[in-house]
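Chemist: no sequence on this one, just coordinates:
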């Protein structure tokens, strides 16, 4: 629903399959089970997952669905256009920064579920919309995180900025970026309390119970946050 043509190359869906909690046989079982919503079509020589039915009731972002908090020295603000932020340790915004940031928090912007082609990318509201798109994409993952490569793979489908990493760094109060090893990872900060995932989806809870029943010691997927440095 957020992609500009309501379709995504199937290979890219497979690329983030595990992050989205999709079953290994989603192509053969899940997609054909819901023909009123999805289909597979060849477009320009590539197989695409195509949205067949638009459901306006689903065009509600996770950001809009949460409780807002008031403006404080940490940059959070009560309002329909605000994002929850958590600045990195050691970052002490001064009054002028908070004043400008409050203006940004109050600024209205188009929904991530509206077609990006309708907006001028140079418009500040459109740039804020990009942040909302990234926020929503991360909110839809099981662990509120994806690798930088996985996020960048959807550059053309969501008209993301060419220098995506700079956009993420600029909004370090919303996103957390690790550079551990050769694969960077982007976390949605509000999804975590320290290094612990706040809300776990049923599939993730099931996996944890399965690991416990097997008698294996679970290694937290959030260790990256504890052992890596924040790109600032």
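Modeler: Perfect, I can see it now. Note that this is a predicted model, so its numbers are computed, not measured.

Chemist: just say helix, strand or coil for the most centrally placed residue in the chain.
Modeler: The centre of the chain sits closest to residue 138, judged by C-alpha atoms, centre = their mean, with a distance of 1.9 Å. Following DSSP: H, G, I helix; E, B strand; the rest coil, we place residue 138 in the helix state.

Chemist: residue 189 is in contact with that one, correct?
Modeler: No. At 9.5 Å, residue 138 does not count as touching residue 189 under the criterion of C-beta atoms under 8 Å. In this view, the C-beta of every residue, glycine as well, is placed from N, C-alpha and C.

Chemist: joint contacts of these two?
Modeler: Taking C-beta atoms under 8 Å, 6 or more residues apart in numbering as the criterion, residue 138 and residue 189 both touch residue 175.

Chemist: I'd like the average pLDDT over stretch 212-231.
Modeler: The average of the pLDDT scores along stretch 212-231 is 54.

Chemist: what about the strands in this structure?
Modeler: 7-9, 38-43, 46-51, 145-147, 175-178, 185-188, 192-193, 196-197 (DSSP state E).

Chemist: so which of the ones you listed gets nearest residue 107?
Modeler: For the strands of the chain, proximity to residue 107 was assessed by C-beta to C-beta; strand 175-178 is nearest, at 18.3 Å.

Chemist: in terms of secondary structure, what does that closest one contact?
Modeler: Applying 3 or more C-beta pairs under 8 Å, 6 or more residues apart in numbering; DSSP states H and E, one finds that strand 175-178 makes contact with helix 164-170, strand 185-188, helix 223-227.

Chemist: mind listing what the second one pairs with, with the direction of each?
Modeler: To tie it back to what came earlier, the one meant is strand 185-188. Strand 185-188 pairs in its sheet with strand 145-147 (antiparallel), strand 175-178 (antiparallel), by DSSP bridges.
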